[in-house]
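Enquirer: have a look at this prediction, sequence included:
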Amino acid sequence: MTVGLFIPCYVNQFYPQAAVATLQLLRKTGVEVVYPTGQTCCGQPMANSGFEHLTQECNDLFLKNFQGFDYIVAPSASCVLHVKQHLHSTDDPARADDLRSRVYELVEFLTDVLEVDDLKARFPHRVGIHQSCHGLRGLYLAQMSELHAAPFSKPLRLLSKVDGLELVPLDRPDECCGFGGTFCVAEEAVSVKMGKDRVNDHIRNGAEYITSVDLSCLMHLEGILHRKKSAVKAIHISEILNASL
Amino acid sequence: MGNETKDHAALAEAFIRDEERVDWHDGALWWIRQKRDIASRQIPEWEALREAASRIKSHVLSNLHDYLLEFEANATRNGIRVHWAADAAEHNAIVYSILKEKGIRQMVKSKSMLTEECHLNEYLIERGVDVINSDLGEYIQQLDNEPPSHIVLPCIHKRKEEIGEIFHEHLGTEKGVSDPTTLTRFARRHLRDVFITRRAALTGVNFAVAETGEYIVCTNEGNADMGAHLSEVQIASMGIEKIVPKKAHMGIFLRLLARSATGQPITIYSSHFKKPREGQEMHLILVDMGRSRQLGRPEFRDSLKCIKCGACMNTCPVYRKSGGLSYHNTISGPIGAILAPNLDMKKHADLPFASTLCGSCSNVCPVKINIHDQLYQWRQVIVKEGYAAHTKVLGMKAMAWTFSSPGSFSTLGKAGRWVLNNIPVAVNNRFNPWFRQRDMPEGPKESFSEWYARNHRPGGAVDPAPKASSDLQSIQPE
């Protein structure tokens, strides 16, 4: 099984440690991982701003980079959801259809494809899970609080096996953090207020770390934590799952 | 109103300045969302009910022409006078002509978002007809000369002390009285006089049943009934999408409506109006006002399924933090943001962007409207129709160019990280909206691509032990 590692643009530039953790984690499970080096962006920032018509070059580049892999895996639910919903090709629509069905978010891949049970990780800290909306309501990584349906959580299932990790319950377990792509600057006041309220929920309930499947949410929450000089840290889930015994 | 020149972001920013008020507003609405969760979970078949309601509405929208004619025929047979209005102007003129013919100069009106959209009150007042809103929340908003901020809870953004002040100013209650029971009793006494003296009463319509020609009005205060039962002229205004085929379908919709809206099992009053009393005139106005245009937009037609429960507003974190008036439209929140651009795309071009696309709205919607997908689709339409800001268009084109090739991306990425580390003031300033209340991410020395190139030999060979993540050096900002 060969996996193409899809590292979103901002993760590549700002959070390389999460990309490294993802790579190492996948290799630990015994899969062959290749990182196609010509990657840029999936096109989501443009598409969510109403400019999906400008994303064809991003699509074409993605198709070129990720041709021929059994699976494509990324440490970002948001970018994965965008690719799953919007990757199109004008020249070869069938190829785009095929690629879309092979794209997975890391936790989803570990759970559903590799069926990993225990990653033998150790992280002796109190951790709050921030459910990214695209992971939750887009990729169904966990049950959504609005629905009358049986509970489950793929991130929680993996984190509950981490040695020493104590999960922190939250008052509002799946409320949006307010990042929202260009929303975070276009609607700065609302975005920050939403982020502050999320951060305070974690702090109030005693979290030392806030983790998530999406670094975009974490970048926003981390910016707020830093500004208020909080000791609480944001950390991508791959780094916790990759933390060794 | 000054609101009309400001967009959602600016109005929201003004609302958020009073953070304590925002916390209170957010908490009040979140409490209602929780009540909705509890109420919906008491019905094991909740999700099946949503699905059934959604399908009935789909069927109605696909057969609207036939159902409207069936409803008109049955309502007419019952003795209701049915009118058709293409837009607000026609609707308002019909109401006025009915009142004028009877020489009526005073009317009481129960909650109706449609007449708010039509600006009926202003229209009638200009023509010398006095209108009083009898829903308590709408009554308060009318006294304060403000539109409703929420379709179910019109004055949810006001605190009881502010309402006490409004009552003191307009109704002469004692200054400083803010006890809700005292104020409500006072309003009730005042409204009783209104009900008794008004010869005409207008109500909204929640549902209209095609097979029987009756319509249903749901309230908690009984104010629609008080007005209607005491009037000699009863008028109902309804959007053409409010039709349900059969009376039996009300068993689905009434169970969903109040649970979704406030977490109640059912509205206190769910009144069926079928024919006029002896000596009474009953009129019903079927209003299009952009609905048939929306029906013709395949990606947006499902927005017409809405039963106006307000659940999407209560769950929406953007709505809770920014207040309903920041949407500068009668219907606010997520559903307003997908309905409003159909009415005036230029004026409401900002609304589909007033969302993080978190998707909670679609999950609570009792008729399963894919609200967040429609918000995304409206963004594409608004940009294509040329209603995006010029600077945004340029920015997006630059972004598309950057991402079109790995070369430009890695060069700019490297440059960006260098700036973060070496001239932080270039980004850490008040002109950068990210930085105003948030710190920028740290700029690591090395991107992942660079790390990968350093640790993996060309041709795909891999170093035996990839460097641990702690080897990645990131530079701490001062």
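Expert: Looks like it arrived, so ask away.

Enquirer: domain parsing for the chain?
Expert: By default, I'm working from chain A. A:2-113, A:126-241 (automatic domain parsing).

Enquirer: if you could check chain B rather than the one you did, that'd help
Expert: B:1-42+B:301-388, B:47-289, B:403-471.

Enquirer: so which of the ones you listed comes closest to residue A:226?
Expert: Between residue A:226 and the domains of chain B, the tightest spacing by C-beta to C-beta is seen for domain B:403-471, at 3.8 Å. (C-beta placed from N, C-alpha, C; glycine too.)

Enquirer: how far off centre is the closest one?
Expert: Relative to the centre of its chain, domain B:403-471 is centred 41 Å away, using C-alpha atoms, centre = their mean, to the nearest Å.

Enquirer: ok, stretch B:163-176 next?
Expert: With C-alpha atoms, centre = their mean as the basis, stretch B:163-176 stands 29 Å off its chain's centre.

Enquirer: tabulate the domains of chain A in JSON lines, adding columns for distance to chain B, mean neighbour count and mean pLDDT.
Expert: Formatted as JSON lines, those follow (distance: least, C-beta to the nearest C-beta, whole Å; neighbours: other C-beta atoms under 10 Å in any protein chain shown; pLDDT from 0 to 100):
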{"stretch": "domain A:2-113", "distance to chain B": "3", "mean neighbour count": "21", "mean pLDDT": "95"}
{"stretch": "domain A:126-241", "distance to chain B": "3", "mean neighbour count": "21", "mean pLDDT": "97"}
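
Enquirer: need the nearest residue in space to residue 75, chain neighbours excluded.
Expert: You didn't say which chain, so I picked chain A. Leaving out its chain neighbours, the residue that sits closest to residue A:75 by C-beta to C-beta, 6 or more residues apart in numbering or on different chains is residue A:22, at 4.4 Å.

Enquirer: if you could check chain B rather than the one you did, that'd help
Expert: residue B:213 is the one closest to residue B:75 (C-beta to C-beta, 6+ apart), at 3.7 Å.

Enquirer: check residue B:452 too.
Expert: residue A:35 (5.2 Å).

Enquirer: contact partners for that neighbour?
Expert: Going by C-beta atoms under 8 Å, 6 or more residues apart in numbering or on different chains, residue A:35 touches A:4, A:5, A:7, A:23, B:452, B:456.

Enquirer: my guess is the residue nearest to residue A:75 contacts residue A:73. True?
Expert: Yes - assessed by C-beta atoms under 8 Å, residue A:22 is found in contact with residue A:73 at 7.5 Å.

Enquirer: now do the contacts for the residue in the stretch 51-200 of chain B that chain A sits nearest to.
Expert: Closest contact between the stretch 51-200 of chain B and chain A, by C-beta to the nearest C-beta, is at residue B:51 (11.7 Å). Contacts for residue B:51 were tallied using C-beta under 8 Å, 6+ apart; they are residue B:368.

Enquirer: helix or strand for it, which one?
Expert: helix B:46-62 (DSSP states H and E).

Enquirer: using CSV, list the CA coordinates for that helix.
Expert: C-alpha atoms of helix B:46-62 as CSV (Å, rounded to 0.1, in the frame of the first residue of the first chain):
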residue,chain,number,x,y,z
TRP,B,46,-37.2,12.6,15.4
GLU,B,47,-34.8,12.1,12.4
ALA,B,48,-37.6,10.3,10.5
LEU,B,49,-40.0,13.1,11.1
ARG,B,50,-37.4,15.6,9.7
GLU,B,51,-37.0,13.4,6.6
ALA,B,52,-40.8,13.1,6.1
ALA,B,53,-41.3,16.9,6.5
SER,B,54,-38.5,17.5,4.0
ARG,B,55,-40.0,15.2,1.5
ILE,B,56,-43.5,16.6,1.8
LYS,B,57,-42.1,20.1,1.2
SER,B,58,-40.1,18.8,-1.8
HIS,B,59,-43.3,17.4,-3.2
VAL,B,60,-45.1,20.6,-2.6
LEU,B,61,-42.5,22.7,-4.3
SER,B,62,-42.6,20.4,-7.3
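
Enquirer: where exactly do the helices run in chain A?
Expert: Remark: helices assigned in chain A by DSSP state H are A:9-14, A:16-28, A:44-48, A:56-65, A:77-86, A:93-100, A:106-108, A:133, A:154-159, A:183-186, A:188-204, A:215-227, A:237-241.

Enquirer: helices or strands next to the second one in the packing?
Expert: Contacting helix A:16-28 under the criterion 3 or more C-beta pairs under 8 Å, 6 or more residues apart in numbering or on different chains; DSSP states H and E are the following elements: strand A:2-5, helix A:9-14, strand A:32-34, strand A:71-74, helix A:106-108, helix A:237-241, helix B:448-455.

Enquirer: for residue B:392, find the nearest of these.
Expert: Proximity to residue B:392 (C-beta to C-beta) singles out helix A:9-14 among those, at 19.2 Å.

Enquirer: packing partners for that closest one?
Expert: Right, helix A:9-14 is packed against helix A:16-28, helix A:215-227, helix B:406-422, helix B:448-455 by 3+ C-beta pairs under 8 Å, 6+ apart.

Enquirer: just to revisit the earlier point, in the helix holding residue B:51, what counts as buried?
Expert: Neighbour-count burial for helix B:46-62, counted by 16 or more other C-beta atoms under 10 Å in any protein chain shown, picks out B:46, B:49, B:50, B:52, B:53, B:54, B:56, B:57, B:60, B:61.

Enquirer: can you give the distance of that helix from its chain's centre?
Expert: With C-alpha atoms, centre = their mean as the basis, the mean position of helix B:46-62 lies at 20 Å from the chain mean.

Enquirer: helix or strand next in line after that helix, which one?
Expert: The helix or strand immediately downstream of helix B:46-62 is helix B:64-78, counting by DSSP H and E.

Enquirer: packing partners of that following helix?
Expert: By 3+ C-beta pairs under 8 Å, 6+ apart, helix B:64-78 packs against strand B:81-85, strand B:207-209, strand B:214-219, strand B:243-244, strand B:281-287.

Enquirer: mind running it again at 10 Å?
Expert: Counting contacts by 3 or more C-beta pairs under 10 Å, 6 or more residues apart in numbering or on different chains; DSSP states H and E, helix B:64-78 packs against helix B:46-62, strand B:81-85, strand B:207-209, strand B:214-219, strand B:243-244, strand B:281-287, helix B:291-295.

Enquirer: ok, how many other residues are close to residue 122?
Expert: Here I'm looking at chain A. The local packing of residue A:122 (other C-beta atoms under 10 Å in any protein chain shown) involves 13 other residues.

Enquirer: ah, I was thinking of chain B
Expert: 11.

Enquirer: show me the contacts for the residue located most distally from the centre of chain A.
Expert: Of all residues in chain A, residue A:91 has its C-alpha farthest from the mean position, at 29.7 Å, by C-alpha atoms, centre = their mean. Neighbour list for residue A:91: A:60, A:63 [criterion: C-beta atoms under 10 Å, 6 or more residues apart in numbering or on different chains].

Enquirer: what's the answer for residue B:306, then?
Expert: So residue B:306 contacts B:57, B:151, B:239, B:241-242, B:312, B:331, B:335-336, B:338-339, B:365-367, B:369, B:371 (C-beta under 10 Å, 6+ apart).
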